[in-house]
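[1] Model the structure of this input:
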Amino acid sequence: MCYWSQSRLFHTIIFNSKPSPGSRNVDPKTQARRLLQVVESSPHLLLHIRNLSLPDSSAALLAILSSREWPAMEALRLRYIPPVNEGCMRDIQRLVAAPSLRSLELIVTHNAWNIDYFTHILAHASQTVTSLRLKACVEPSAHATHGTPQYPLSSPSRNPSFILDHLDMSSSAVLDALDQPHFAQCLSDVREMRYGYILWGTQHSLLNRLGRQLQWLELESSDYSVANLAWDEMPLLTHLRCDLQHDTVVNVLNRLPPDNMLTTLTLTTTHELWQAESLDQRRIGLQLDHVVADQLPRLRAACVEVAVTPRYRGKTRIPRVDRERVTRELEEALPRLKGNGMLSIIFLPRQYAWWLSDVFRELPLEED
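    Next comes the predicted model:
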């Protein structure tokens, strides 16, 4: 029982800048120091720590955590990575080199993007990494006259040694960085990709190369940059995941070639959209249902994931979830999929974007 309790307690460590309701306000640096004191006195606890998450990767916090090894860490999330001139590159390199690391998330802070900085970090990432999420929050203008100077770095002495099967990327700066020869081997086996809001005027050569090997793709229908994807050159794509909106038909499904190989379609939505007194959602569903039946000849399964939005006391006017009503509305909006036995509907708790998580953590929930 003690082993099980410890494995649950130490499995995921999040260094939050804001406390949970009812807890004391302890800054992330103090949290990190206390964690190191605990594992120094009880080294076996290190084997329970599988996930480290830094919502704000300050240079001081990175220095503390990189002072020791994390042998069992499988997932590392570094958000708001500071600029290279803050001197934390080697600390980040030590963290991403954890021997068991499989999932890595790097989000660069505002106006801190540096392609050489990024390349040096990934050159030290563990060869066990198979999933990578990358985002440059703000891409500085080449003609900017203010902000953090971009300190020059020499080319890394080695190429990254990991080979990805899952890639999640946002921003054209990341796209350009990954198009370097350093990453050719890393991207040679990518089968799954989450694509988001990459502002690029024409189809990018890297997107075209990745498209030829993709089997699973996730995107947002409101993202007009999906036009950058070479839809005609995705012969292996069998699973598409996107939100259930009018734009899904216009921006996504209508771009698929008639000989597409899609067998699985996952659509995401929220419960309150289907409990509102409006015919808009049903019309959207009926239109999508018609297009799917005509344009996805190999489709075998369509799953609608309904995110149940939390109801925060006194802050939101979200209706209490009525699963029977939502199910009925979806089945009536997607009659062909329902009639062909392809439709499944599942309800999941809504996960807010990471930049909103601290805001909602402090609000009391209504009981359903």
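
[2] Low-confidence regions, the stretch 101-250 of the chain specifically.
    For the stretch 101-250 of the chain, the stretches with pLDDT under 70 are 137-153, 197-203.

[3] Strands of that one, start to end?
    Applying DSSP state E, counting those that start in this stretch to the stretch 101-250 of the chain gives strands spanning 103-108, 131-136, 166-170, 192-196, 216-218, 239-243.

[4] Nearest to Leu210, out of those?
    strand 192-196 (6.3 Å; Cβ to Cβ). In short, each C-beta sits where N, CA and C put it, glycine included.

[5] which residues are in contact with the closest one?
    Identification of contacts with strand 192-196 by Cβ atoms under 8 Å, 6 or more residues apart in numbering yields 133, 165-170, 210, 214-220, 223, 226, 229.

[6] Each with direction, which strands does that strand pair with?
    strand 166-170 (parallel), strand 216-218 (parallel) (DSSP bridges).

[7] of all the ones you listed, which lies closest to Ala276?
    strand 216-218 (25.7 Å).

[8] any idea how far that closest one is from the chain center?
    Averaging C-alpha positions (Cα atoms, centre = their mean, to the nearest Å) puts strand 216-218 12 Å from its chain's average.

[9] residues in contact with it?
    Arg191, Glu192, Met193, Arg194, Tyr195, Met234, Leu237, Thr238, His239, Leu240, Arg241, Cys242.

[10] same thing but 10 Å
    Contacts of strand 216-218 with the rest of the structure, by Cβ atoms under 10 Å, 6 or more residues apart in numbering, involve 165-166, 168, 190-196, 210-211, 226, 229, 231, 234, 236-243, 252, 262, 264, 266, 268.

[11] just the helices in the stretch 101-250 of the chain please.
    Along the stretch 101-250 of the chain, counting by DSSP state H, counting those that start in this stretch, helices occupy 115-123, 172-178, 205-211, 246-247.

[12] Can you check which helix is longest in the chain?
    For the chain, the longest helix by residue count, based on DSSP state H, is helix 280-295.

[13] circling back to that earlier point, out of the contacts of strand 216-218, which are buried?
    Among the contacts of strand 216-218, the ones that count as buried by 16 or more other Cβ atoms under 10 Å are 166, 168, 190-195, 210-211, 226, 229, 231, 234, 237-243, 252, 262, 264, 266, 268.

[14] quick one on the thing from earlier: can you add distance to Ile81 and give the strands paired with strand 192-196 back as CSV?
    Putting these into CSV (distance: least, Cβ to Cβ, whole Å) gives the following:
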stretch, distance to Ile81
strand 166-170, 15
strand 216-218, 24
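
[15] Val108: which of the ones you listed is closest?
    Closest approach to Val108 among those (Cβ to Cβ): strand 166-170, 10.9 Å.

[16] Wait, Arg212 touches Pro235, no?
    Yes - using Cβ atoms under 10 Å, Arg212 is in contact with Pro235, at 6.9 Å.

[17] List the buried residues in stretch 84-98.
    Val84, Glu86, Cys88, Met89, Asp91, Ile92, Gln93, Arg94, Leu95, Val96, Ala97, Ala98.

[18] can I assume the second one is in contact with Asn114?
    No - proximity of Glu86 to Asn114 does not meet the contact threshold set by Cβ under 10 Å, at 11.6 Å.

[19] is Leu134 in a bridge, and if so with what?
    Leu106, Met169.

[20] and it, how many neighbours does it have?
    21 (other Cβ atoms under 10 Å).

[21] Same check on Pro55?
    Neighbours of Pro55 (other Cβ under 10 Å): 19.

[22] Assign the spatially closest residue to it that is not a sequence neighbour to helix, strand or coil.
    If the residues on either side of it in the chain are set aside, Pro55 comes closest to Arg79, at 5.3 Å by Cβ to Cβ, 6 or more residues apart in numbering. Of the three states, Arg79 takes strand according to DSSP: H, G, I helix; E, B strand; the rest coil.

[23] If we ignore the residues flanking it in sequence, what's nearest Arg350?
    Counting by Cβ to Cβ, 6+ apart, Arg350 lies nearest to Ala307, which is 3.8 Å off, once chain neighbours are set aside.

[24] residues touching the closest residue in space to Glu233 that isn't next to it in sequence, list them.
    For Glu233, the nearest residue in space outside its immediate sequence neighbours is Gly211; the separation is 5.2 Å by Cβ to Cβ, 6+ apart. By Cβ under 10 Å, 6+ apart, the residues touching Gly211 are 193, 195, 203, 217, 229-237.

[25] now do Ser126
    Here Ser126 is in contact with 73, 76, 95-102, 104, 160-162 (criterion: Cβ under 10 Å, 6+ apart).
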